[in-house]
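> Here is a sequence together with a model predicted from it:
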Amino acid sequence: MLTEERFAEILRMIGEEKSVTVQELTERLATSESTIRRDLTALAEKGLLVKVHGGATALEMDYTTKDVEITSRMTQNVDEKSLIGKYAASLIKKEDFVYLDSGSSIAQMLKYMTGSGAVFVTNGIAHAQSLAKKGITVYLVGGMFKGATDAVIGSQAVEDLKKYNFTKGFFGTNGVDKKHGFTTPDPAEAMIKKAAMERCRTCYILADSSKIGQIAPVTFAKFDQAELITTELTDKDLKKEKNIVEVKA
């Protein structure tokens with residue numbers, strides 16, 4: 001089992017059971033205690049769990065968001081997402097090599113894309129189709145397809161991303177919180193987002209107002225690891241942050 005696969009399984013178990021022991025993980029994943037301990041240390045350093053004596057526990061947070069199917073999300077907060085998407089699209093230059101995350105916010109961004117000369121890589125099937133129809137060069141990440149979010153995920157996708165060096169990356173999120181960062185409900189999708197962000201020179205998170213202050217089970221990036229593009233904020237504390245762009249109608 002590859003490291004990324006172990007990570008995803010560990011996070012899945014903790015998400016369901018809230019706590020696990022090293023012994024339980026050793027038996028479930030058929031690997032050594034030393035490997036499990038290294039995995040727990042790595043995941044704790046990434047902010048995905050809390051390492052305790054003899055095992056690990058889930059992060060102490062209220063899980064306020066769920067993984068809604070892409071067909072439903074495409075009809076939610078469309079006006080906000082369109083404003084955000086238009087601004088995000090304007091950031092792309094002809095010399096850029098861009099990663100596009102799957103999701104409804106990025107889908108709105110695609111409406112404003114033109115054949116600027118930039119080249120794209122995405123894990124979103126519909127995104128790839130949309131770009132290709134416009135005659136834009138796009139590469140699709142390989143891996144397991146998750147129909148609910150129209151996303152390619154899994155260890156193969158994580159490995160595939162390691163060969164790329166992106167100038168810019170645009171990502172969706174289920175939650176935005178200053179303490180817990182950018183979050184998503186699915187550990188497997190979190191691994192893809194993290195892997196892609198590590199290959200980007202500059203990262204942008206696209207989030208409408210419904211995501212602000214929300215926390216999903218898995219953190220894929222700290223708050224200061226990306227520039228947040230959103231609509232006008234009401235949170236006075238967030239307004240002070242320098243890595244936020246507020247897009248207005």
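Received it, and whenever you're ready, just let me know what you need.
> which residues sit in contact with the residue most central in space within the chain?
Nearest residue to the geometric centre of the chain (C-alpha atoms, centre = their mean): Lys193, 3.6 Å. Going by C-beta atoms under 8 Å, 6 or more residues apart in numbering, Lys193 touches Asp101, Phe171, Phe182, Thr184, Phe220, Ala221. (Glycine included, C-beta is placed from N, CA and C.)
> Return the set of buried residues in the host helix or strand of Ala42.
Assigning secondary structure by DSSP states H and E places Ala42 in helix 33-45. Neighbour counts over helix 33-45 (16 or more other C-beta atoms under 10 Å) mark Ile36, Arg37, Asp39, Leu40, Ala42, Leu43 as buried.
> Run the chain-centre distance for that helix.
Remark: helix 33-45 is offset 22 Å from the chain centroid, using C-alpha atoms, centre = their mean, to the nearest Å.
> Quick one: name whatever helix or strand follows that helix.
strand 50-52.
> Near the closest residue in space to Lys179 that isn't next to it in sequence, how many other residues are there?
In this structure, Lys179 finds its nearest non-sequential neighbour in Phe223, 7.7 Å apart by C-beta to C-beta, 6 or more residues apart in numbering. Neighbours of Phe223 under the rule other C-beta atoms under 10 Å: 19.
> Check the one 10 residues further on too.
Leu233 sits with 15 neighbouring residues when counted by other C-beta under 10 Å.
> got it, and Thr183?
By other C-beta under 10 Å, the residues close to Thr183 number 27.
> Which elements pack onto the helix or strand containing it?
Per DSSP H and E: Thr183 is located in strand 181-184. Using 3 or more C-beta pairs under 8 Å, 6 or more residues apart in numbering; DSSP states H and E, the elements in contact with strand 181-184 are strand 175-177, helix 187-197, strand 218-221.
> show me what contacts Lys242?
Neighbours of Lys242 in contact, by C-beta under 8 Å, 6+ apart: none.
> Nice, that's everything, thank you.
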